[in-house]
Structures are given as C-alpha cells and as structure tokens.
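**Student:** predicted coordinates and the sequence they were generated for:
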Amino acid sequence: MDYNVKTRILLDTNFNTREFNDLMYESAKPRIIEDIKSVIEKDPTLPQYIDGDLTFRFLSDYRILLKYQFGCNDENEAEAESFSKSCVEDIRKGLEEKGYRIERIDCTAKEMDMKWMDELEDMVFPKDQSL
C-alpha cells in the first residue's frame, strides 16, 4: 500500500543571541535553509521519498519547523511512519555537523487515495459484462 507521511522536524539552530542580534538572524535565514537542504540532498535515500517542497517555518525562539510529505510503499501506517523517521535519523549527524540539532520528529501516515488508479485501470481494462 502507498502512504503519504506528513513529516515535521523541529530543529534548534543554536543561534548565538549573545553575539548576534535579530537582524543578523534574519540575514542568516537563507544560509540556514541552504545548509539544511544540502544535508538532505546529500543523503542517498531521503530525497527520493520527499513528495513536493520542503517548508521552513522560523519560530520566534530561533528554532525551525521543517515540514514535508514523505511518500512510501509500506505494509501499514506504523511502518511508513517508522521509515520516514529512520530517514530523518540518517541525516542527524550531517545536520549536527552544520550546527543544527534535531529536537523532535513527528510522522503521521495516511493511506494515499488510489481511487484514480482504480478508475484508470477500469478505463484501460474494462470489465466485460458479457462473460
């Protein structure tokens, strides 16, 4: 079965508020996004399962909420969620090397709506009522 896993990762940016001010944080946001994207892109597994864009939400406490859809084919929702979380764990070290710490990973799987596939199969392979 195919699953769509809503994946949310809470990251601490370790932004040094004693040395830098909020304006510097604002100017650092594009670099932070590129750092995180580069870690994800270098991973051999995770990028091929991300369905759509990465969404970065900068929180007021210098943390980031990263959200994306993770599409996979597993036996059940628990396996799909576990696989998504495992892929995030695989990039933990790369993120930490760039100064970002994973605080929390939330994965919620939902079975994909495959009604369109059934309709397509019915069009291509019509059921012959005369047999």
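**Tutor:** Looks like it arrived, so ask away. Numbers count the residues shown, from 1 in each chain.
**Student:** mind checking how far Gln69 is from Tyr49?
**Tutor:** As judged by CB to CB, to the nearest Å, Gln69 and Tyr49 stand 9 Å apart. For glycine as for every other residue, the C-beta is placed from the backbone atoms N, C-alpha and C.
**Student:** correction: the previous question concerned Cys87.
**Tutor:** According to CB to CB, Cys87 stands 7 Å off from Tyr49.
**Student:** so what sits against both of these two?
**Tutor:** Phe70 (CB atoms under 8 Å, 6 or more residues apart in numbering).
**Student:** can you pull the contacts of the nearest residue to Tyr62 once chain neighbours are set aside?
**Tutor:** Of all residues not flanking Tyr62 in the chain, Phe15 sits nearest, at 4.2 Å (CB to CB, 6 or more residues apart in numbering). Counting by CB under 8 Å, 6+ apart, Phe15 touches 25, 28, 62.
**Student:** cool, Leu66 as well?
**Tutor:** Counted by CB under 8 Å, 6+ apart, Leu66 has contacts 8-11, 36, 54-57.
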